[in-house]
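[1] Okay, structure incoming, though there's no sequence with it:
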């Protein structure tokens, strides 16, 4: 029964112009919203809602899901080419994607990003279709204590991504954690570390802090050196499609990493409240930790592009499952998707699955096809986009700085965050000059607020015994194993040498 419904939904989607048309229109918009820093999927969904009224519910839902599913595919472009994350979840791609562009491997990085995004999106959609009876009971048992320890597991990756600069990485990770506490105290609802500045009541915006730490230092270096992003001059024949094909092949060379990162993204997407930033950084940290050569990361390792981009796109399939089946938003963006679906007259929940199973399958296939279509569209432009890294920096820097400033204001809704942008930009420039690792700062900033909120919730419910819950014990063992693996791995490497 389910198989026939799935097949008929696929045939209907690809043969009905009323459904295929909205998907083809939605994908370029999703790529655009992702590629422009500071806009992202949430803003795109908000813009789309007024146009949904009066639209056929199925066609409107296909449009929304297709547009939102490719946002992070588009977000990888500025991350790789200019070192500017299109959104918070795309920041992890900057760490290795931008160094690849600096080495003249922009085409390879784009190819790896597009292929891993497509594969991750397909895996996420497949998980959405088959994981409900298997995974959902586990997700229902996933409470604040498990969320807290999962975030702590992510924080332990600060040490992993620091490489040989462990002390420096931990210092910057703690700085990121400290900045995540700026805002209103979740327990007492009083301002904390805000210095009576209203714009700080909402905390330090990720889209102000991450570009400040990663992108502004690179632009300062470009302006001073008066060179291009790519430090290595390469021949015309190696730019574009050939490099992109190599990058796409890297995804299958590292197929097991692609699958693992995609599954991590699916699971984190299933857990309401964690979001894409957690999925991207946990997957990136996992890639570093399991690599036989972790010292390559941060210097242009293709695995550092594959892992976060796979997780970013597979997360959407995971987040869509609780959103459609139970009416529980799997991420912040899914809150807006719920509102958009309500505008179409659709009420997500168990009744939707019972009465509109064909619609659910149509959205699953839309998720698959949109990810493939988005990657194909960007691949067609990849050759020309990769040439951007060979343009003189004097022509790029003003445009990039305007994009960073505009994105920070749009994403945070406050012009006051420009002060944060410039202060952290100066700090990032100093860190780059001193060769301090900047990825731990991003991990601390992103995961700090998640960790604090989940800790307070767990303590209020169970007190100190929250660490004794079965799921918590499993995660504690996983954290311990992660740290032991990190400590023993250099010893094993030395022994092998």
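    Looks like it arrived, so ask away. Every value quoted in this text rests on a predicted model; they were computed, and no experiment measured them. Numbers count the residues shown, from 1 in each chain.

[2] Tell me where this protein has strands.
    Assigned by DSSP state E, the chain shows strands spanning 183-184, 191-192.

[3] Looking at the first one now, give me its mean pLDDT.
    For strand 183-184, the mean pLDDT works out to 84.

[4] before we move on, what about the last one?
    Confidence for strand 191-192, expressed as mean pLDDT, is 86.

[5] Within its sheet, name the partner strands of it and how each one runs.
    strand 183-184 (antiparallel) (DSSP bridges).

[6] and the strands of the chain as CSV, adding distance to residue 471?
    From N, CA and C alone the C-beta is placed, and that goes for glycine too. Formatted as CSV, the strands of the chain follow (distance: least, C-beta to C-beta, whole Å):
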stretch, distance to residue 471
strand 183-184, 28
strand 191-192, 30
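
[7] mind checking the longest helix of this protein?
    helix 357-386 (DSSP state H).

[8] ok now that helix, how far from the chain's centre?
    On the basis of C-alpha atoms, centre = their mean, to the nearest Å, helix 357-386 sits 17 Å off its chain's mean C-alpha point.

[9] Identify each buried residue in it, please.
    359-375, 377-379, 382-383, 385-386 (16 or more other C-beta atoms under 10 Å).

[10] Format the strands of the chain as CSV; extra columns: mean neighbour count and distance to residue 155.
    Output for the strands of the chain, formatted as CSV (neighbours: other C-beta atoms under 10 Å; distance: least, C-beta to C-beta, whole Å):
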stretch, mean neighbour count, distance to residue 155
strand 183-184, 16, 19
strand 191-192, 16, 20
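
[11] To residue 269, which of the ones you listed lies closest?
    strand 183-184 (25.1 Å; C-beta to C-beta).

[12] Any regions of the stretch 351-497 of the chain where pLDDT drops low?
    Across the stretch 351-497 of the chain, the ranges flagged by pLDDT under 70 are 351, 353-354, 357, 382-394, 411-413, 488-497.

[13] Could I get the contacting residues of the spatially most central residue of the chain?
    In the chain, the C-alpha nearest the mean C-alpha coordinate belongs to residue 89, at 2.6 Å (C-alpha atoms, centre = their mean). Applying C-beta atoms under 8 Å, 6 or more residues apart in numbering, we find residue 89 in contact with 72, 75, 275-277, 279-280, 308, 312, 315.

[14] min pLDDT across those residues, which one?
    residue 275 (64).

[15] so which of the contacts of residue 89 is the most crowded?
    Per-residue neighbour counts (other C-beta atoms under 10 Å) across these peak at residue 308, which has 37 neighbours.

[16] From what I see, that one and residue 93 are in contact.
    Yes: the criterion here is C-beta atoms under 8 Å, and residue 308 meets it with residue 93 at 5.2 Å.

[17] Residues that sit against both of those two, list them.
    Joint contacts of residue 308 and residue 93 (C-beta under 8 Å, 6+ apart) are residue 280.

[18] any idea how far residue 156 is from residue 169?
    According to C-beta to C-beta, to the nearest Å, residue 169 stands 11 Å off from residue 156.

[19] These two: who's more crowded?
    Neighbour tally, residue 169 and residue 156, criterion other C-beta under 10 Å: the higher count belongs to residue 169, 24 against 18.

[20] okay but that one is in contact with residue 157, surely?
    No: assessed by C-beta under 8 Å, residue 169 is found out of contact with residue 157, at 10.0 Å.

[21] related to what we said a few turns ago, distance to residue 403 added to the contacts of residue 89, as TSV?
    Listed next are these as TSV, based on distance: C-beta to C-beta, whole Å:
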residue	distance to residue 403
72	18
75	13
275	23
276	20
277	20
279	25
280	21
308	21
312	20
315	25
